[in-house]
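**Q** coordinates for the following, if possible.
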Amino acid sequence: MKDERKTAGQALPAGRTHRVRCTLNGKPREGAAESRTLLSDFLRHELGATGTHVGCEHGVCGACTVRIDGVAGRSCLTLAVQVDGRRVDTVEGLARDGELSDLQQAFRRHHALQCGFCTAGILMSCADFLERAPAPTEQQVRDMLSGHLCRCTGYTPIVQAVLDVAAARNKNT
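**A** Next up, the predicted model:
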């Protein structure tokens with residue numbers, strides 16, 4: 001029996017290469033992916049977006065978090081063929097014209113990263129979270145961060161950075 005995987009309502013034969021076209025950080029990109037290729041691997045190896053890190057490969061650690069059509073998701077649980085025709089944003093897309101985003105600047109200011117391995121995924125979840133909850137409480141930030149594993153920071157500086165960004169954005173509105 002042929003191994004087939006379903007994606008976007010259609011069966012794709014395993015082992016076959018497919019063209020995957022997406023908008024990556026605002027720019028049209030395309031590459032080849034087998035039916036079983038994970039989005040994390042496609043981004044890193046085919047499109048060169050190496051800011052997306054691969055940790056547990058089970059969706060637990062959050063290091064591979066990207067935004068797909070504006071919603072945070074685990075790229076290690078998503079097949080590359082599932083993003084065909086969609087928008088994908090990675091940590092490389094947070095900075096604009098060489099300037100760090102306000103969130104990235106706050107992470108630096110609050111020392112909210114140490115080894116940096118988990119930081120890309122955390123930044124992507126935080127960017128998504130702040131759009132959905134522009135005035136979060138500390139507990140809401142901690143709840144959001146519970147989907148990420150970081151062995152270095154103890155999370156307090158990350159929470160402070162997110163709350164700092166939320167306060168600054170709300171002050172400017």
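**Q** list the residues that contact I68.
**A** 78, 83, 86-88 (Cβ atoms under 8 Å, 6 or more residues apart in numbering). Using the backbone N, CA and C atoms, a C-beta is placed for each residue, glycine as well.
**Q** of those, closest to L43?
**A** V88 (7.2 Å; Cβ to Cβ).
**Q** verify the stated contact: that closest one with V66.
**A** Yes - taking Cβ atoms under 8 Å as the definition, V88 is a contact partner of V66 at 5.8 Å.
**Q** flag the helix or strand of this structure with the lowest per-element mean pLDDT.
**A** Within the chain, judged by mean pLDDT, DSSP states H and E, the helix or strand with the poorest mean is strand 4-7; its value is a mean of 44.
**Q** quick one: contacts for the most centrally placed residue in the chain?
**A** Relative to the mean C-alpha position of the chain, the nearest C-alpha, by Cα atoms, centre = their mean, is the one of V66, at 1.8 Å. Applying Cβ under 8 Å, 6+ apart, we find V66 in contact with 39, 43, 52, 72-73, 75, 88-90, 124.
**Q** now for the contacts of I68, which pair is the farthest apart?
**A** With distances taken as Cβ to Cβ, the most widely separated pair in these is T78 and R87, at 13.3 Å.
**Q** quick one: which of the two has more around it?
**A** Set side by side, T78 and R87 show unequal neighbour counts under other Cβ atoms under 10 Å, the larger going to T78 at 21 against 15.
**Q** domains for this protein, by residue range?
**A** Residue ranges for the structural domains of the chain, counted by automatic domain parsing, are given in the record as 6-93, 102-171.
**Q** how far does the longest one sit from the chain's center?
**A** In other words, domain 6-93. Relative to the centre of its chain, domain 6-93 is centred 10 Å away, using Cα atoms, centre = their mean, to the nearest Å.
**Q** ok, the last one next?
**A** For domain 102-171, the distance from its own C-alpha centre to the chain's C-alpha centre is 13 Å (Cα atoms, centre = their mean).
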